[in-house]
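1. Please work out how this folds:
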Amino acid sequence: MSLKLNHLSHSFGSHRTLRDIELAIDTGEQVALIGPSGCGKTTLLRILGTQLMPTQGTVRQLGTNSADLSAKDLKTLRTKIAFIPQHLGLVPNVSVLRNILNGGLGKTGLLSAIRQMLYVTKAETQRVYQLLERTGISEKLYDRTDSLSGGQQQRVAIARALYQNPEVILADEPTSAIDPARARSLIELLTQLSQEENITLAVSMHNLELAKAYFPRLIGLKEGTVKFDTPPAKLKAEQSQDLYLIKPQDHG
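-> Residues are numbered from 1 along each chain as shown. Got it, this is the predicted structure:
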């Protein structure tokens, strides 16, 4: 089992973002988290990625309860879970090469990180180039990252994640800033890489039709609760309609 949540809830102050979530994701499984803005998708991904701890309940990543780990062991666990934030977290004014090398910083010591700032080995450059070949932008190796299009920057973020050699990839709204054609291409790339490397993949998305086309499992979130957990073929029309239905406000 790659990821497992038991009776998980989370609150920011008095605002509860997740409510009693029960969820298990197998090794190598590909899952799309679907739902409207504010439904809890990002919070759920951040908890799975150990960036947040739940207010209630437990979460196990790769067989361990992250709440029980020492700081050192938690750092080691995080090297196995690649997180692609919605705004990517790339350094804009440095090269694509150096942004991708940042994906390995969690596994290297301080001296190695300083050395890498001054000098990149031929082996490191070759490995980054190979990852960029897989993501389709190898010619951008030495380009400044802020000179790339939004879709190309998304591919840099994916290559950076792969540089970690992760067991899990979590991607938060990776298609939100790109057009529909590039969004389809990006999701196709993510799911293909997940299959080839047997990497567990969980992606949050708004686009239900795109998720149905590429993911064998859909989890619908609304108001912090799981509304459905199903293969696309078994998703009922009323389930998807209810997910995005806005309830009228009661003004008394």
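2. L45: which element?
-> helix 41-48 (DSSP states H and E).
3. Given the following helix or strand past that helix, what are its sheet partners and their directions?
-> Downstream of helix 41-48, the next assigned helix or strand under DSSP H and E is strand 56-61. When sheet partners are counted by DSSP bridges, strand 56-61 sits next to strand 3-12 (antiparallel), strand 64-65 (antiparallel).
4. Averaged pLDDT, strand 56-61. What do you get?
-> In this model, strand 56-61 has an average pLDDT of 92.
5. Stretch 139-154 now?
-> Mean predicted lDDT for stretch 139-154 stands at 92.
6. hang on, the earlier thing: tell me what the helix holding L45 is packed against?
-> Using 3 or more Cβ pairs under 8 Å, 6 or more residues apart in numbering; DSSP states H and E, the elements in contact with helix 41-48 are strand 3-12, strand 15-25, strand 30-34, strand 56-61, strand 81-84, strand 168-172, strand 200-205. (C-beta placed from N, C-alpha, C; glycine too.)
7. Tell me which other helices or strands the helix ranked longest in the chain touches.
-> As assigned by DSSP state H, the longest helix anywhere in the chain is helix 180-197. Using 3+ Cβ pairs under 8 Å, 6+ apart as the contact test, the elements touching helix 180-197 are strand 30-34, helix 150-163, strand 168-172, strand 200-205, helix 208-214.
8. hmm, back to that, run through who's touching the helix holding L45.
-> For helix 41-48, contacts defined as Cβ atoms under 8 Å, 6 or more residues apart in numbering pick out 3, 5, 8, 10, 17-18, 21, 33-35, 52-54, 59, 61, 81, 83, 86, 168, 170-173, 202, 204, 221.
9. Sketch out the low-pLDDT regions of the stretch 151-252 of the chain for me.
-> Low-confidence regions of the stretch 151-252 of the chain, defined here as pLDDT under 70, cover residues 246-252.
10. Try it again at 80.
-> 177-178, 244-252 (pLDDT under 80).
11. domain assignment for the protein?
-> Using automatic domain parsing, the domains assigned to the chain come out as 1-80+168-247, 95-165.
12. and the shortest one, how far out from the chain's middle?
-> A distance of 18 Å separates the C-alpha centroid of domain 95-165 from that of its chain, computed with Cα atoms, centre = their mean, to the nearest Å.
13. Compute the first-to-last residue distance for that domain.
-> 21 Å (Cα to Cα, to the nearest Å).
14. Now mean neighbour count too, for the domains of the chain, in JSON lines please.
-> Below are those laid out as JSON lines (neighbours: other Cβ atoms under 10 Å):
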{"stretch": "domain 1-80+168-247", "mean neighbour count": "17"}
{"stretch": "domain 95-165", "mean neighbour count": "17"}
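15. And the contacts of stretch 179-192?
-> By Cβ under 8 Å, 6+ apart, stretch 179-192 touches 30, 135-136, 150-151, 154-155, 158, 169, 171, 174-175, 178, 201, 203, 205, 207, 210, 213-215.
16. Please identify which helix or strand holds R127.
-> Here R127 is assigned to helix 122-135, by DSSP H and E.
17. Any chance you could give me that helix in CSV, C-alpha atoms only?
-> Extracted in CSV, the C-alpha atoms of helix 122-135 (Å, rounded to 0.1, in the frame of the first residue of the first chain):
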residue,chain,number,x,y,z
LYS,A,122,29.0,15.4,-16.8
ALA,A,123,27.0,12.5,-15.3
GLU,A,124,24.5,14.9,-13.7
THR,A,125,24.1,16.9,-16.9
GLN,A,126,23.6,13.7,-18.9
ARG,A,127,20.9,12.4,-16.6
VAL,A,128,19.0,15.7,-16.7
TYR,A,129,19.2,15.7,-20.5
GLN,A,130,17.8,12.2,-20.6
LEU,A,131,14.9,13.3,-18.4
LEU,A,132,14.2,16.3,-20.6
GLU,A,133,14.2,13.9,-23.6
ARG,A,134,11.5,11.9,-21.9
THR,A,135,9.5,15.0,-21.2
